[in-house]
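*Asks:* Build me a model:
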Amino acid sequence: MSSNGDTHTATAHLEAYAQRQRHLADQLRAHGLDRELDVPKIVIIGSQSAGKSSVLEALSQIAFPRAAGTCTRCPADVRLSYHEGPWQCEVYTRLLKDAEGNEEIREEPFGETICDPALVSGRIRRAQRYVLNPELGLETCLTANKLPALSATKFTENPVVLHVRGPTCPNLTLVDLPGIIANVADGEAPENIELIKQLARAHIQSENTIILLAVTMADDFQNQAGVALAKEADPDRRRTLGVLTKPDRIQQGEFENWLPVINGKANPLRLGYHVVKNPTTMELNERITFEAARESEEAFLQTGTWQSLSFEVKQRLGTRKLSARLSVLLGDLIKQKLPGILQQLREQQRSVAAEIKNLPMEIKASKSVSYTMGLVQKFANELCAHINPNSAHPAFRKELREIVIQLERQLFYMRPLVTPFVDEEVYAITLEPFKSKSNAVKAADKPAAESFTFKPRAASPEAKILGKLADTTSSVRTRPVLVDLTVTLKDDNFAELETPPGFDPMRLTLTDILERCDGATVDMLPFNCPWSIKETLITESVKHWNELAKAAFDRAQELLHNKYTSLATSHFAQYSFGGLEDAAASSMAELVQETVNDAWPFIEKVCDLELWPHTMNKDEFERQRSEFFEAFYEMRQENMPRPDAQTPGDPTDAQSCHEKWASELSIAAELCSSWKIAFRRFIDAFQGALTVHFIRPVSTAAFERVMEDLGLTGEHNEPRAREYLREAHDVAAKREELDNKKKRLDRGLKAVAEFQRGGSM
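*Replies:* All right, here's what the predicted structure looks like:
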């Protein structure tokens, strides 16, 4: 006795646990998680005349509506549960989308609990009308005396859900789909044929779905549309269970054709075939009870040829055996798949949480102003961090320095280049062949004048130059060259620079200087050059600086524009739909332009200042002047033509020749030394002006200016801030989709928690 009692108790516990598992699967589907989690289910498909609805009625013990155009337009989700109490049925509707078409899966009761089976059909009909036309409203569809006619093309995936409990109900969940049709009736849309097939394909393609294929024995097996769809979804025929209906309609002599199918030899299925007999039309009209229908079915399947079938086949005859088999199959499938489903549930919850986190933060209306202010503050702080000196992000400062270096080089390209010879000397030197130690180098083979880099000896005071260099004559002559400032600049930036096309340096010979002096010294003593001549030469050497500085300043503006627009995009792009990105960038553009209007006049004054030759750096000026003078003199010593290169010239004659041009050489030396000092002074001033009068004012004023232009500094600014933070339609739709999915997953996890605690159904 004890052993039998323990066995009974264990069996009861197993059955209760299996029922709870199935209930959990039903809950997951009720929460709209069927597609995300692939919850196990049984789906009934078949041709419209295959007796599919009768099979469903027999299994559920519910009379479904049979009026045309009702049961064929939406799925039915039928949940059957054994319950020792009185029979009851609850009708629900599950809308997969809201009125705007957004995914919002929700299951809601459609009326009160039904305790009279006779009332179920009418409630189902109204529920079907509601899921087909949710815009009518639930209450209207539930209570209205007359509902509007359906469209001929109207179909929906929204199911009507029936939860039936009773002492004769199996533990089983079934999904019924509209019957597959090959033709449409008058007034029906031809596209309905494919719509029904697509609905069936969507429900049976999952590997966790058992396909319950209804096949009428009143027609040829291969002629039935449901057979082809089942093969398409389950080519290995592992999860299809065939239900042969209307065995009482088999034509005389055709039973032998069906025996191979019943025995699993023709069109075999791993789950095999069951045979059921449903009430005839006459029996239905006479309102036969479910109990009487089952007794009639069992009596039919125990007579005649059916009685001669094998014991194994007899275990698959009748609705009760089909119901028990389906309950076991579904329970086993749920038991097998449930651990993986729970893992998927948790993984999807994490995935959805990550996706929501990656979306722009959703800001409450009450915090919109402070949040927008914080965005602008972060933008302004990062802008300062990039453009101010000694910043943690040196890229901008490096690019700004490159602009200054480029200006420096352009100024250098326009430097004064002096040929320390009169025109006749240049002509004589250029026409004569060069004589080197090899006596084989011709003038055409010598390097061009500007490419020659002169390496002077150590500088000496100008007062000693003439006497010291007079004895350094040489019998080897070379081509005269322009004195390039690279001689004394000693800067890596200019060590090997050549003047590129488009830049024309200021070129002077001693003849040019002499002519200017002669034109201005009519009433003056010889060898005296007025200051105006020197001033004019120095001014001409820097006259292009304003133009070049303006171009460099424009490049600095473009650099700053690119920086603040890229930062505006990185900080405000997610709110571009509300106009925040454009408004911030526009505000910065106005601020920069105003700063440009203030900064350029200052830089222009720096340029104008260089048109007035000046320096207080007397020692440096004297040093540079002496170096240039010595370089010019030495070049004359080395390059002056002589009557005979084989005979050294008279040093006294050479010295006399050079002393003749000492005044012009001195003017040239003053020009070059003045330019060099001004060059360094101007570059430093330009770089400082960029930072102090352009970059720094922008970084200092950015935050307050953007806030002011956004209209967020005064009162009643919350509506404007909310508008700036308004999300784009696609972002809002994505957020709503993820929020709805998260809610479904959360409800699913709550159901799992109740299941694991052993909660009630």
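*Asks:* From here on, just use CA atoms for contacts and neighbour counts.
*Replies:* Noted.
*Asks:* what's across from Leu95 in the sheet?
*Replies:* Note on Leu95: beta-bridge partners by DSSP bridges are Arg106.
*Asks:* buried residues in stretch 81-101?
*Replies:* For stretch 81-101, burial by neighbour count (16 or more other C-alpha atoms under 10 Å) applies to 81-83, 87-96.
*Asks:* In a markdown table: the residues you listed, plus distance to Ala585 and secondary structure.
*Replies:* Formatted as a markdown table, the entries for these read as follows, by distance: C-alpha to C-alpha, whole Å; DSSP: H, G, I helix; E, B strand; the rest coil:
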| residue | distance to Ala585 | secondary structure |
| --- | --- | --- |
| Ser81 | 64 | strand |
| Tyr82 | 68 | strand |
| His83 | 68 | coil |
| Trp87 | 69 | coil |
| Gln88 | 66 | strand |
| Cys89 | 63 | strand |
| Glu90 | 59 | strand |
| Val91 | 57 | strand |
| Tyr92 | 53 | strand |
| Thr93 | 51 | strand |
| Arg94 | 48 | strand |
| Leu95 | 45 | strand |
| Leu96 | 42 | strand |
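*Asks:* Redo those residues as TSV? Include distance to Gln557.
*Replies:* As requested, the buried residues of stretch 81-101 are exported to TSV (distance: C-alpha to C-alpha, whole Å):
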residue	distance to Gln557
Ser81	76
Tyr82	80
His83	81
Trp87	82
Gln88	79
Cys89	76
Glu90	73
Val91	70
Tyr92	66
Thr93	64
Arg94	61
Leu95	58
Leu96	55
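*Asks:* Show me the longest helix that occurs in this structure.
*Replies:* As far as residue count goes, and with DSSP state H defining each element, the longest helix of the chain is helix 319-358.
*Asks:* can you pull the buried residues of that one?
*Replies:* Using 16+ other C-alpha under 10 Å as the burial criterion, the residues of helix 319-358 that qualify are 319-323, 325-327, 329-335, 338, 341, 345, 348-349, 352, 356.
*Asks:* Locate Phe503 within the secondary structure: which element?
*Replies:* Counting by DSSP states H and E, there is no helix or strand that carries Phe503.
*Asks:* If you could redo that for Ala200, that was the one I meant.
*Replies:* The secondary structure element spanning Ala200 is helix 192-204 (assigned by DSSP H and E).
*Asks:* Can you list the neighbours in contact with that helix?
*Replies:* Applying C-alpha atoms under 8 Å, 6 or more residues apart in numbering, the external contacts of helix 192-204 come out as 43, 45, 153, 155, 157, 177-184, 209-211, 229-230, 233.
*Asks:* now the helix or strand just after the longest helix of the chain: mean pLDDT?
*Replies:* Proceeding C-terminally, helix 319-358 gives way to helix 368-387 as the next helix or strand, assigned by DSSP H and E. Confidence over helix 368-387, taken as the mean pLDDT, stands at 92.
*Asks:* same check, this time on stretch 537-547
*Replies:* Rounded to a whole number, the mean pLDDT of stretch 537-547 is 91.
*Asks:* and what of stretch 398-417?
*Replies:* Averaging pLDDT along stretch 398-417 gives 91.
*Asks:* what comes up buried for it?
*Replies:* Neighbour count says stretch 398-417 has 400, 403-405, 407-417 buried, by 16+ other C-alpha under 10 Å.
*Asks:* from those, which is closest to Asp34?
*Replies:* Using C-alpha to C-alpha, the shortest approach to Asp34 within the buried residues of stretch 398-417 belongs to Leu400, at 59.4 Å.
*Asks:* hang on, that closest one is in a helix, isn't it?
*Replies:* Yes. Assigned with DSSP: H, G, I helix; E, B strand; the rest coil, Leu400 falls within a helix.
*Asks:* Among the buried residues of stretch 398-417, which pair sits farthest apart?
*Replies:* Within the buried residues of stretch 398-417, Leu400 and Leu417 form the most distant pair, 29.2 Å apart (C-alpha to C-alpha).
*Asks:* Now do the helices in the stretch 451-600 of the chain.
*Replies:* Counting by DSSP state H, counting those that start in this stretch, the stretch 451-600 of the chain forms helices over residues 462-469, 486-489, 510-520, 531-541, 545-572, 580-609, given from the N-terminal end onward.
*Asks:* got TSV for the ones you listed, with mean neighbour count and distance to Ala76 too?
*Replies:* Converted to TSV, the helices of the stretch 451-600 of the chain look like this (neighbours: other C-alpha atoms under 10 Å; distance: least, C-alpha to C-alpha, whole Å):
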stretch	mean neighbour count	distance to Ala76
helix 462-469	14	111
helix 486-489	16	92
helix 510-520	17	106
helix 531-541	17	94
helix 545-572	18	48
helix 580-609	18	49
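*Asks:* what about Glu708, how many neighbours?
*Replies:* Residues lying near Glu708 (other C-alpha atoms under 10 Å) number 13.
*Asks:* hang on, the earlier thing: now a PyMOL select for only the buried ones of the contacts of helix 192-204.
*Replies:* With 16+ other C-alpha under 10 Å as the burial test, the buried ones among the contacts of helix 192-204 are selected in PyMOL as follows:
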select buried, resi 43+45+155+157+177+178+179+180+181+209+210+211+229+230+233
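*Asks:* and the gap between the residue nearest to Glu107 when sequence neighbours are not counted and Ser310?
*Replies:* Here the nearest residue to Glu107 in space, its sequence neighbours aside, is Arg94; by C-alpha to C-alpha, 6 or more residues apart in numbering that works out to 4.2 Å. In this structure, Arg94 and Ser310 are separated by 44 Å, where distance is defined by C-alpha to C-alpha, to the nearest Å.
*Asks:* what's the answer for Leu665, then?
*Replies:* Distance, Leu665 to Ser310, by C-alpha to C-alpha: 130 Å.
*Asks:* More neighbours: these two, which one.
*Replies:* Under the neighbour definition other C-alpha under 10 Å, Leu665 and Ser310 were set side by side, and Leu665 has more, 27 against 10.
*Asks:* Give me the buried positions along stretch 707-725.
*Replies:* Applying 16+ other C-alpha under 10 Å to stretch 707-725 flags Met707, Leu710, Leu712, Glu718, Arg720, Ala721, Arg722, Glu723, Tyr724, Leu725 as buried.
*Asks:* same deal with stretch 666-683?
*Replies:* Taking 16+ other C-alpha under 10 Å as the basis for neighbour counts, the residues of stretch 666-683 that come out buried are 666-679, 682-683.
*Asks:* How is the chain partitioned into domains?
*Replies:* With automatic domain parsing serving as the domain definition, the record reports that the chain contains domains spanning 20-355+750-756, 375-722.
*Asks:* Can you get me the start-to-end distance on the first one?
*Replies:* Distances were taken as C-alpha to C-alpha; on that basis the terminal residues of domain 20-355+750-756 are 10 Å apart.
*Asks:* how far is that domain from where the chain is centred?
*Replies:* Per C-alpha atoms, centre = their mean, to the nearest Å, the displacement of domain 20-355+750-756 from the mean C-alpha position of its chain is 43 Å.
*Asks:* Tell me which residues of stretch 215-231 come out buried.
*Replies:* Here stretch 215-231 shows Val215, Thr216, Met217, Ala218, Phe221, Gln224, Ala225, Gly226, Val227, Leu229, Ala230 as buried, counting by 16+ other C-alpha under 10 Å.
*Asks:* er, stretch 18-36 actually
*Replies:* Counting neighbours by 16+ other C-alpha under 10 Å, the buried set in stretch 18-36 is 18-34.
*Asks:* Tell me where this protein has strands.
*Replies:* Counting by DSSP state E, the segments of the chain that form strands are 41-46, 76-82, 88-97, 103-109, 160-166, 172-176, 209-216, 240-245, 273-275, 416-419, 506-509.
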